[in-house]
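In: Okay, here's the prediction I keep looking at, along with the sequence it came from:
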Amino acid sequence: MAKTNPGEFIRQVRSEVAKIVWPTRAETVQTAIMVLILTTILAIFFLAVDGVFAAVVKQLLALAR
């Protein structure tokens, strides 16, 4: 692997940073809202699954007595 001198490295970094396309404020807000909605849906889903498993385990433990 060829070594790059510091000046060339900085030029390459600036060139790559110039290619970045930053999201707009509206895109960022929309994405954040979608993340919150999906997180809430998943939390409710896992709460329900946990409740079902807890009930099954409780029933199995009751049978073991």
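Out: Now that the structure is in, tell me what you want to look at. Residues are numbered from 1 along each chain as shown.

In: mind checking how far the helix or strand bottoming out on mean pLDDT in the chain is from the chain centre?
Out: Here the helix or strand of the chain ranked lowest by mean pLDDT, DSSP states H and E is helix 6-18, holding a mean of 93. Distance, stretch centre to chain centre, for helix 6-18: 30 Å (C-alpha atoms, centre = their mean, to the nearest Å).

In: Can you pull up the most central residue in this structure?
Out: residue 35 (8.2 Å; C-alpha atoms, centre = their mean).

In: what's the longest helix in this protein?
Out: In the chain, taking DSSP state H as the definition, the longest helix is helix 25-64.

In: mean confidence score for it?
Out: For helix 25-64, mean pLDDT is 97.

In: Which strands or helices does that helix pack on?
Out: If you count contacts as 3 or more C-beta pairs under 8 Å, 6 or more residues apart in numbering; DSSP states H and E, helix 25-64 packs onto no helix or strand. Any C-beta I mention is one placed from the backbone N, CA and C, and that applies to glycine too.

In: For the least confident helix or strand of the chain, name the packing helices and strands.
Out: Secondary elements touching helix 6-18 (3+ C-beta pairs under 8 Å, 6+ apart): none.

In: Dump it to PDB, keeping only the CA atoms.
Out: The C-alpha trace of helix 6-18 is given here as PDB (Å, rounded to 0.1, in the frame of the first residue of the first chain):
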ATOM      1  CA  PRO A   6      -0.200  14.700   4.600                       C
ATOM      2  CA  GLY A   7      -0.900  17.400   2.000                       C
ATOM      3  CA  GLU A   8      -2.200  14.900  -0.500                       C
ATOM      4  CA  PHE A   9      -4.300  13.200   2.200                       C
ATOM      5  CA  ILE A  10      -5.900  16.500   3.200                       C
ATOM      6  CA  ARG A  11      -6.800  17.300  -0.500                       C
ATOM      7  CA  GLN A  12      -8.300  13.800  -0.800                       C
ATOM      8  CA  VAL A  13     -10.400  14.300   2.400                       C
ATOM      9  CA  ARG A  14     -11.700  17.700   1.200                       C
ATOM     10  CA  SER A  15     -12.600  16.100  -2.200                       C
ATOM     11  CA  GLU A  16     -14.500  13.400  -0.500                       C
ATOM     12  CA  VAL A  17     -16.300  15.700   1.900                       C
ATOM     13  CA  ALA A  18     -17.400  17.900  -1.000                       C
END
